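>>> sequence-free structure coming up:
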């Protein structure tokens, strides 16, 4: 053991404890396990609780040890010693004192837990740490239990199989009121389902007592239960319907209902009215509500009539992305009850010329199903080949005297085109473009055309509409073909990327010194009452323009219900942005978005880190969103704001000096009020210096295991201020107030309109 550590711990010499921080990490890294063993010996002494000197020595020593472990990346070498010290704390009373102060062993446990769980991505460390950490949930210390819950939530992402072994104490802790721990359940459900399935009733019962993040985690869990054991949730549909009123939880609830209804839709008959009401109040939920109603409509012809009436009435009011989903549900009901679309054909037929290829195909399929009912269930359909430029088979089943929906369908290369055609025996009309037709054997008149399709005989197509403005062939969109082929893969990729970094809501082009670069803009997705970035964006200048634009396109596709084409407004806008850059390495947008998915995420994260993005935004694991810290922690806004503005004052120590090695802490009195930060020698001193908040670029908290010292840095132009308050609580308040002030100083009088993300994706 290093001589200085031996002197401090053997002799309990507090006067030398501060010198431990002057020892180089490399000089003590091999002794840290021995030091931890000695700390455990000191903390287990019978007089430790009454000996303030020993407690201070242990606290400082632990801080030095954990700091050295962190800086030398040697956690795996010293895990066993750390866990042994942590386990020894369980032998002592950890309940807070009457003055609500942590006991000495609770402080030790807090330090060790913090150090160990910084390495949540190291399986060898977590295998030893998790079994001991779970025991602290029942130790009687709420603050410690809350911290352990946060650590386990982070750990569950990479160590679900280890955590799943301890599901029983986790469930008991949640049921006892530790609702924050519910965030781990979705991650570990697939590893150990049965105990959670047995506790579904209890978990549904505590749903109303949870906050938004905790409730979202439970609802996400119920969505997983619905995929495996949907019958367990059927008795609780009414309770789950109570959470349809919130925009934060209603999509998750409806997705759960879809999973349940696909197995057994009968319980939802009595709740259809609630679903319709929710869709009317929250139009963004229409796609999900329609899917539940579509399944209910297949239960009986009476339900089919009611559900089809409702779905058809929604057609004129939905946008281009929702239209195919509504039509798909109408088709689902029509597949079982072919005659039901009859009275709605006029309304459905209005969408046969929709710009959405999926919608056009669905309209024709619905017409074919109705025609089938008129012919005594004989097949009436239009089939096509996806081989470019040719038609393989056209099957026609309408007799000369039957009354059918007007028009037949010709599809080439996966696209559908509507024409008022009649089909009879003879030769097949060539529907290929002019440049693909043979040079001989072609004739054309204004009222009739008849040619031979390569490889097909016995079919004649007579057309009454041969206008050049209404072609029956169109080459397939390359981008749309790519998106169709990789539809599910794109969604999975974007889900993975979103967990590592946020995606921009829009981008703008800036020109500087004859060079063009984009600026990507980020906004808070939760947009709470005190949100920092709900009305204006967090802009970031980037050198990785191609990568960001590629990711933004993939994000658009991941949110779309069907494959996007280049004609979609949001894609066209993104393409215009890309082409305006005039990149030297090429300017082919199609080639970019159809290339392999971006892998250089670290470069993008470095860009965001360089502008202190992650000081303001954090990932909400429960809701899988990136949000500002006030939205992720709304309870922290209480006491920080006065009339909507951050206000705080008090003494801070500022580290100043001309030379780095001779800087000393000097006490100043600082005041932050609105858009100004002032400081002076004392509160009564009238001579004050001012730092405008508008000049502050970012604020960074300097974190350590037990905050010795606890400080934060302010970056303003070319200046850097290193400040330290008296305790941790005040430090957090200062950092939070400064973040709020900086965010609100950027656009104080110019709020940006809150638009849907798809329409804000790109602006020139």
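Right, received. Where do you want to start? Everything numeric here is computed off the predicted structure, so don't read it as measured data.
>>> In contact with residue 608, which residues?
501, 540, 614 (Cβ atoms under 8 Å, 6 or more residues apart in numbering). Using the backbone N, CA and C atoms, a C-beta is placed for each residue, glycine as well.
>>> Give me the buried entries from those.
Buried members of the contacts of residue 608, scored by 16 or more other Cβ atoms under 10 Å, are 501, 540.
>>> May I see the contacts of residue 608 arranged in TSV, with secondary structure, distance to residue 86 and pLDDT as well?
Compiled in TSV, the contacts of residue 608 are given as follows (DSSP: H, G, I helix; E, B strand; the rest coil; distance: Cβ to Cβ, whole Å; pLDDT from 0 to 100):
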residue	secondary structure	distance to residue 86	pLDDT
501	coil	32	87
540	strand	40	89
614	helix	29	78
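>>> Output the contacts of residue 608 as CSV; include the columns distance to residue 113.
Listed next are these as CSV, based on distance: Cβ to Cβ, whole Å:
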residue, distance to residue 113
501, 27
540, 34
614, 23
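>>> and which of the contacts of residue 608 is nearest to residue 560?
Comparing the contacts of residue 608 against residue 560 with Cβ to Cβ places residue 501 closest, at 21.1 Å.
>>> what's the spacing between the closest one and residue 590?
For residue 501, the distance to residue 590 equals 25 Å [Cβ to Cβ, to the nearest Å].
>>> So what's the gap between stretch 2-9 and the chain middle?
Here stretch 2-9 is found 49 Å from its chain centre; the criterion is Cα atoms, centre = their mean, to the nearest Å.
>>> List the buried residues for it?
2, 4-5, 7-9.
>>> which residues touch that stretch?
In contact with stretch 2-9 (Cβ under 8 Å, 6+ apart) are residues 13-14, 16-17, 19-20, 23, 27-28, 31, 35, 38-39, 42, 57, 60-61.
>>> Then stretch 12-24?
For stretch 12-24, using Cβ under 8 Å, 6+ apart, the contacting residues are 2, 4-5, 7-8, 42, 53-54, 56-57, 60-61, 64, 67.
>>> before we move on, what SS does residue 714 have?
strand (DSSP: H, G, I helix; E, B strand; the rest coil).
>>> for the closest residue to it other than its chain neighbours, what are its contacts?
Once flanking residues are discounted, residue 714 sits nearest to residue 721: 4.2 Å by Cβ to Cβ, 6 or more residues apart in numbering. By Cβ under 8 Å, 6+ apart, residue 721 lies in contact with 654, 691, 713-714.
>>> among these, which two are most distant?
Top of the distance list for these (Cβ to Cβ): 691 and 713, 13.3 Å.
>>> residue ranges with poor pLDDT in the stretch 451-600 of the chain?
Residue ranges of the stretch 451-600 of the chain with pLDDT under 70: 451-476, 512-514, 583-587.
>>> could you pull out the strands for it?
460-463, 506-512, 515-522, 538-541 (DSSP state E, counting those that start in this stretch).
>>> May I see those strands arranged in CSV, with distance to residue 76 as well?
Output for the strands of the stretch 451-600 of the chain, formatted as CSV (distance: least, Cβ to Cβ, whole Å):
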stretch, distance to residue 76
strand 460-463, 73
strand 506-512, 42
strand 515-522, 36
strand 538-541, 35
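>>> Compare these and report which one is nearest to residue 557.
strand 506-512 (16.3 Å).
>>> what angle separates the closest one from strand 515-522?
Strand 506-512 and strand 515-522 are oriented at 150 degrees to each other (axes from the mean of the first three to the mean of the last three Cα atoms, to 10 degrees).
>>> Give me the pLDDT for residue 757.
Residue 757 carries a pLDDT score of 36 in this model.
>>> again with residue 676
At residue 676, the pLDDT recorded in the model is 79.
>>> With residue 740 as the reference, measure out to the closest residue to it other than its chain neighbours.
Using Cβ to Cβ, 6+ apart and skipping the chain neighbours, the partner closest in space to residue 676 is residue 690 (5.8 Å). Distance of residue 690 to residue 740, given as Cβ to Cβ: 19 Å.
>>> Who has more neighbours out of the two?
residue 740 (25 against 9; other Cβ atoms under 10 Å).
>>> ok, the more buried one to residue 143 distance?
25 Å.
>>> Then residue 231?
Applying Cβ to Cβ, the value for residue 231 to residue 143 is 40 Å.
>>> Return the distance of stretch 715-730 from the chain's centre.
Per Cα atoms, centre = their mean, the centroid offset for stretch 715-730 relative to its chain is 32 Å.
>>> before we move on, the earlier item: list only buried entries from the contacts of stretch 2-9.
So, of the contacts of stretch 2-9, 17, 20, 28, 31, 35, 38-39, 42, 57, 60-61 end up buried under the neighbour-count rule (16+ other Cβ under 10 Å).
>>> Make CSV out of those and add pLDDT.
Formatted as CSV, the buried ones among the contacts of stretch 2-9 follow (pLDDT from 0 to 100):
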residue, pLDDT
17, 82
20, 85
28, 89
31, 88
35, 90
38, 90
39, 91
42, 90
57, 88
60, 90
61, 89
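>>> Identify the farthest-apart pair in these.
So, those by Cβ to Cβ: farthest apart are 28 and 42, at 17.3 Å.
>>> Can you say which helix or strand has residue 64 in it?
Residue 64 is part of helix 52-72, with elements assigned from DSSP states H and E.
>>> Now do that helix: distance to the chain's middle.
38 Å.
>>> I'd like to know which elements it is packed against.
Here helix 52-72 touches helix 3-10, helix 14-17, helix 25-28, helix 32-43, helix 75-89, helix 104-116, going by 3 or more Cβ pairs under 8 Å, 6 or more residues apart in numbering; DSSP states H and E.
>>> same thing but at 6 Å, please
helix 14-17, helix 25-28, helix 32-43, helix 104-116 (3 or more Cβ pairs under 6 Å, 6 or more residues apart in numbering; DSSP states H and E).
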